[in-house]
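kindly generate the corresponding structure for this input.
(chains A, B and C)
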Amino acid sequence: MPELPEVETVRRTLAPIVGARITGAWTSGKGLHMNRRPPRARLRALAGATITGLRRHGKYLLVDTDGPSSILFHLGMTGRLRIHARRDPRARHTHVIVQLGRRELRFTDPRRFGLCDVVARDHVLVDLGPDPLVHGIDATALHDAARGRTVTLKAFVLDQSVIAGVGNIYASEALWRARLRPSLRAKRLTATAAKRLGAAVGGVLADALANNGTTLRDFVDADGERGDNSEYLDVYGRAGEPCPRCKTTIRRAVHQGRATYYCPTCQTP
DNA sequence: ATCACGACCTGGAGGC
DNA sequence: TGCCTCCAGGTCGTGA
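Numbering: from 1, shown residues only, chains lettered A, B, ... in the order given. Now for the predicted structure:
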């Protein structure tokens, strides 16, 4: 589900919980990604702390408090973070509840690919590259990172240590916008193409964010609203339709086990 | 060290 | 209606 624009949309719509005081916590006891269980005791120990801010790096979301700890979330494929009234019935697949007096921050995740942990506030997310919205994209650094890499451009753009926050939808979209074939080897990226790619990634993410993210099926923001960006996708999920640029039929291919959409004519190999 | 792949989970869609 | 297969926005560990 959620790539950078979706996580950022969640972050923004969670703003009303800033200033709220944590009064308790509940966990389902089920393991999430890598079978890791959210730390019940450490979540409960946050009681009494006040939420001071919300940060995002790539697809990770951090809920800061006035104590030494922050709550770290990753939504995986089907994770949702929503603000509820305490008396609202608990949805199926709810795994974490942070109680905030009469309100609750609830994390639900049917597929359990997500993550919830309690970390030190200055916790560094290792192996995460620059965030396009927070740090921008440096085309020269992108070009350097591609040097010697034999992976496909598709895999390169999906590599979170290169750029944090790009997922499968926006990887296809950005490569289409940059007119680059997903199967091209990263080491073949020229300086000019790296510039185009950097601009395309930034543009695709910013546009999606302006539309409150892409909802294919699961994604909703903290208020339960769906994103509007799916109707503006140029190639993702559009195999068989004409390329918006040159009218050639868009193709679907599989790279590293994941669907990739591209135009065989205007995305140069 | 780098890369491709399968595994981890549940649920929705479509075919029969 | 039910059963089956395939597919899904992410990440990690494995083995080549």
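
burial count for A:T50?
Other residues lying near A:T50 total 15 when counted by other C-beta atoms under 10 Å. Using the backbone N, CA and C atoms, a C-beta is placed for each residue, glycine as well.

to clarify, my last question referred to A:R86.
Neighbours of A:R86 (other C-beta under 10 Å): 12.

same deal with A:T140?
Neighbours of A:T140 (other C-beta under 10 Å): 11.

over to A:L133?
19.

ok, it - contacts?
Contacts for A:L133 (C-beta atoms under 8 Å, 6 or more residues apart in numbering) come out as A:4, A:8, A:165, A:205-206, A:209.

can you select the buried ones from those in PyMOL?
To isolate the buried members of the contacts of A:L133 in PyMOL, using 16 or more other C-beta atoms under 10 Å:
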select buried, chain A and resi 4+8+165+205+209
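
turn the contacts of A:L133 into a markdown table, including pLDDT and secondary structure.
As requested, the contacts of A:L133 are exported to a markdown table (pLDDT from 0 to 100; DSSP: H, G, I helix; E, B strand; the rest coil):
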| residue | pLDDT | secondary structure |
| --- | --- | --- |
| A:L4 | 98 | helix |
| A:E8 | 98 | helix |
| A:G165 | 98 | coil |
| A:L205 | 98 | helix |
| A:A206 | 98 | helix |
| A:L209 | 98 | helix |
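
which of the contacts of A:L133 sits closest to DNA strand B?
Taking C-beta to the nearest atom of the strand as the measure, DNA strand B lies nearest A:G165 of the contacts of A:L133, at 18.9 Å.

which residues touch that closest one?
With contact set as C-beta under 8 Å, 6+ apart, A:G165 has these partners: A:3-4, A:7, A:58-59, A:131-133, A:205.

out of everything not next to it in sequence, what's closest to it?
Using C-beta to C-beta, 6 or more residues apart in numbering and skipping the chain neighbours, the partner closest in space to A:G165 is A:L4 (3.0 Å).

next, the one residue in the stretch 1-150 of chain A that gets nearest to DNA strand B: secondary structure please.
Per C-beta to the nearest atom of the strand, A:R111 is where the stretch 1-150 of chain A lies closest to DNA strand B, at 3.3 Å. Three-state assignment for A:R111 (DSSP: H, G, I helix; E, B strand; the rest coil): coil.

what of A:L54?
At A:L54 the chain is in strand, as set by three-state DSSP.

quick one: the residue of the stretch 51-200 of chain A found nearest DNA strand C and A:R55, what's the gap?
DNA strand C sits closest to A:G167 of the stretch 51-200 of chain A, with a gap of 2.0 Å, by C-beta to the nearest atom of the strand. Plainly put, A:G167 is 19 Å away from A:R55 if you go by C-beta to C-beta, to the nearest Å.

have a look at these two and say which one is more surrounded.
Comparing A:G167 with A:R55 by neighbour count (other C-beta under 10 Å), the higher total belongs to A:G167, at 22 against 14.

helix, strand or coil for A:C246?
Classification of A:C246 using three-state DSSP returns coil.

how many neighbouring residues does it have?
11.

that one reaches A:T265, doesn't it?
Yes - A:C246 is within contact range of A:T265, at 5.1 Å (criterion: C-beta atoms under 8 Å).

hang on, the earlier thing: who's in contact with the residue nearest to A:G165?
By C-beta under 8 Å, 6+ apart, the neighbours of A:L4 are A:56, A:58-59, A:131-133, A:164-167, A:170, A:205, A:209.
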